[in-house]
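> Could you look at this predicted model? Sequence included:
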Amino acid sequence: MQDLIQHIAENLGIDEVTAERALGILLSLVRSHGNQNKVGELFDKLPGAADLADLHGSEGDKGGGLFGRLGGGLMGAPLAAVAKLQAAGLDMPQIKALGQTVMDYAKDNAGEELVSEVATSIPGLSSYL
């Protein structure tokens, strides 16, 4: 994951600590709301992904708070993640760049079909990618 963190930092013009936190927030969202069988398969192909999701996932990753209550916690999950990413210092163009960078990395390492299955299993995620 360190190579991805460095790539995110360079791509988004942020420091590596912020890049790691942003990646962890995104991975936590994926793990909490994606198809669990497919997420497990994806994380197996992305060593370190589960550790980052554990480290940076907290309130909001299960749809808590105001954003999480929107849409019964489903559509709200991506909104809550966006709020967490903004609190970490990212703006919307950086958040979209983060999503695309992570998607590209995941496709390169786990295959386009698996990544697509995981991404489409998370309601509202495509609005932010």
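Happy to help now that I have it. Residues are numbered from 1 along each chain as shown.
> right, and the helix or strand after the lowest-mean-pLDDT helix or strand in the chain?
Every helix and strand in the chain was compared by mean pLDDT, DSSP states H and E; the lowest is helix 65-69, with a mean of 42. Per DSSP states H and E, the first helix or strand lying C-terminal to helix 65-69 is helix 76-87.
> Can you name the element that comes right after that next one?
In N-to-C order, the element after helix 76-87 by DSSP H and E is helix 92-110.
> Sort out which residues of that next one are buried, please.
Neighbour-count burial for helix 92-110, counted by 16 or more other C-beta atoms under 10 Å, picks out 94, 95, 97, 98, 99, 101, 102, 103, 105, 106, 110. The way it works is simple: take the backbone N, C-alpha and C, and place the C-beta from them, glycine included.
> what helix or strand is the most centrally placed residue in the chain on?
For the chain, the residue nearest the mean C-alpha position is residue 26 (1.8 Å; C-alpha atoms, centre = their mean). Per DSSP H and E, residue 26 falls inside helix 16-33.
> List the buried residues of that helix.
18-33.
> by how many degrees do it and helix 92-110 diverge?
Relative orientation of helix 16-33 and helix 92-110, computed by axes from the mean of the first three to the mean of the last three C-alpha atoms, to 10 degrees: 70 degrees.
> Understood, closing this out.
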